[in-house]
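[1] Let me see the structure of the following:
(chains A and B)
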Amino acid sequence: MEPTEDRKSDNRLGLLMRAAQGGDAEAYGALLHEMASLIRHVVYSKRPFLTPEDIEDLVQDVLLSVHSVRSTYNPNRPFMPWLLAIVRNRISDAARRYGRTRGRELRLENMDVTFSVESTNSLTESYGDAEALKLAIGSLPAAQRTAIEMLKLREMSLKEAARASGSSIGALKVATHRAIDSLRKKLTKKK
Amino acid sequence: MNGTEQVIQRLAQDADVVRPLRTPWIRTGIWLSLSIPYVAIVLLAMAMRNGLPTLPLDTRFIIETVSGLGVGITAALCAFSSVVPAYSRRLFVVFAIFAGLWLGSIGQNCIQEWLRNGSQALSLSHDLSCLPFITLVSIYPAMALISMLRRGAPLTPHLTAAAGAIAAAGLANFALRIVFPEDANIGLLVWHIGGVFILAALTAAVGHWLLNWRFVAHASKNISR
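    The predicted structure is shown next:
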């Protein structure tokens, strides 16, 4: 009896995979091309609602999986059942992944980078009265004023500021913290 | 060139020689040849400490022990076959037969023991120490099995992991029965068989961490190098 077309095709793919397992890059390339269209067809028939991009993603996923487990193909056994078992598994995995991630995602278009409500915007972003800030800095105790001027206005490093002021790094950190705290209080009150 | 075409070209360039995986039967043989010496060493150590056990060579004990070993071996066969795409699942039927025989033989012995000794046969405390022993003995066979299974396709990671755990724990249980060949009672049923299935359930729960496509891709990269 003559072998059917499916059987012939299966044998051909099996032979290509056997050659690929032997390191034949050309045979492997041909096999991957044939597999890609077969997989695309199976994915489309099982998941017709997927977008072309999602189908291609799945095709690539299956090809990578086939590549990883090509050693599990036994050249004495039919090729198509082996391939279809992997395809079905990867399609189910993708469905589970979809359920875990995209099912819980909300697509938003043109989302603002920040909220417009006043309370969500910090003082540094909204405060614009440079004169009041200058006055507030001027009213700080000398140590705190020096710390703010060196570290924030002149952007010196802690080491440089410590050398220039003769204070320790720890003392500068404390002075800066206290200065920012009192500036916040003063400027918030004024607003 | 689209993404799929790029993937195909990249994979075709990576077409190194790969050795087809041996059949589940041969792989089970390899696993047994790795595990049995370890189990034998543990048995020997136990025998040196407790003295050589006198094995009751009656039919009941032989059926129970051999079916227990059969459960371990068929579970390993099932685990190895489950990582080969499209491999026949008929081995699971053989596993179920051995498991039924094992449970049946111990269950029958429990009933007979109960009829003979009454409530004394229902004590659970005597075999409590068996569970850590089974765990200890099965660690190495389980590790060997997992590392071998990672070369296959993780199509059913939970089922494969459970079968692997039953294989390793079944082998450990067999060793334990040789060292302590006492009559089967409810404690044996709970701590030995229950222990094997508890280990299987715990391993099955983490099956997707032990066996997944990431590991296979990584292993295949290392093999091709």
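[2] which residues of the chain score low on pLDDT?
    Here I'm looking at chain A. A:1-3, A:102-103, A:107-128, A:190-191 (pLDDT under 70).
[3] try again with chain B
    B:1, B:120-130, B:182-188, B:216-225.
[4] Helices along that one, start to end?
    B:3-13, B:24-50, B:59-82, B:91-117, B:130-149, B:157-179, B:186-188, B:194-205, B:207-210, B:213-224 (DSSP state H).
[5] Return the most buried member of these.
    By mean neighbour count, with neighbours taken as mean count of other C-beta atoms under 10 Å in any protein chain shown, helix B:157-179 ranks first of the helices of chain B at a mean of 26. Using the backbone N, CA and C atoms, a C-beta is placed for each residue, glycine as well.
[6] That one versus helix B:91-117: what angle between them?
    40 degrees (axes from the mean of the first three to the mean of the last three C-alpha atoms, to 10 degrees).
[7] Go ahead and measure how far helix B:157-179 is from the middle of the chain.
    3 Å (C-alpha atoms, centre = their mean, to the nearest Å).
[8] relative to helix B:59-82, how tilted is it?
    150 degrees.
[9] is chain A contacted by helix B:157-179?
    No. Against chain A, helix B:157-179 shows no contacts by C-beta under 8 Å from any C-beta of the partner chain, the least distance being 10.3 Å.
[10] measure the spatially most central residue of chain B to B:Arg150 for me?
    Geometric centre of chain B, nearest residue: B:Ala167, 1.0 Å, by C-alpha atoms, centre = their mean. B:Ala167 sits at a distance of 15 Å from B:Arg150 (criterion: C-beta to C-beta, to the nearest Å).
[11] A:Asp129 now?
    65 Å.
[12] Could you list the residues of chain A in contact with chain B?
    Counting by C-beta under 8 Å from any C-beta, chain A sits next to chain B at A:20-26, A:28-29, A:32-33, A:36, A:56, A:59-60, A:63-65, A:67-75, A:77-78, A:81-86, A:89, A:93.
[13] which of those residues are buried?
    A:20-21, A:24, A:28-29, A:32, A:36, A:56, A:59-60, A:63-65, A:67-74, A:82-83, A:85-86, A:89, A:93 (16 or more other C-beta atoms under 10 Å in any protein chain shown).
[14] For A:Leu140, which three-state class applies?
    Three-state assignment for A:Leu140 (DSSP: H, G, I helix; E, B strand; the rest coil): coil.
[15] Can you classify the residue lying closest to it once chain neighbours are set aside by secondary structure?
    Using C-beta to C-beta, 6 or more residues apart in numbering or on different chains and skipping the chain neighbours, the partner closest in space to A:Leu140 is A:Ala179 (5.4 Å). Counting by three-state DSSP, the backbone at A:Ala179 sits in helix.
[16] ok, which residues in chain B are in contact with chain A?
    B:2-4, B:7-9, B:11-21, B:23, B:83-86, B:151-153, B:155, B:213, B:216-217, B:219-220, B:223.
[17] same thing but 6 Å
    B:4, B:7-8, B:11-12, B:15-18, B:20-21, B:84-86, B:152-153, B:155, B:213, B:216-217, B:220 (C-beta under 6 Å from any C-beta of the partner chain).
[18] If we ignore the residues flanking it in sequence, what's nearest residue 70?
    I went with chain A, as the question did not name one. B:Val18 (5.8 Å).
[19] wrong chain, I was asking about chain B
    According to C-beta to C-beta, 6+ apart, the nearest residue to B:Gly70 is B:Phe98 (3.9 Å).
[20] One more: A:Asp93?
    Once flanking residues are discounted, A:Asp93 sits nearest to B:Trp213: 7.7 Å by C-beta to C-beta, 6+ apart.
[21] Over to B:Ile166?
    Among residues not flanking B:Ile166 along the chain, B:Ala75 sits closest, at 3.9 Å (C-beta to C-beta, 6+ apart).
[22] what sits against the one you found?
    When contacts are counted by C-beta atoms under 6 Å, 6 or more residues apart in numbering or on different chains, B:Ala75 is found next to B:95, B:163, B:166-167, B:170.
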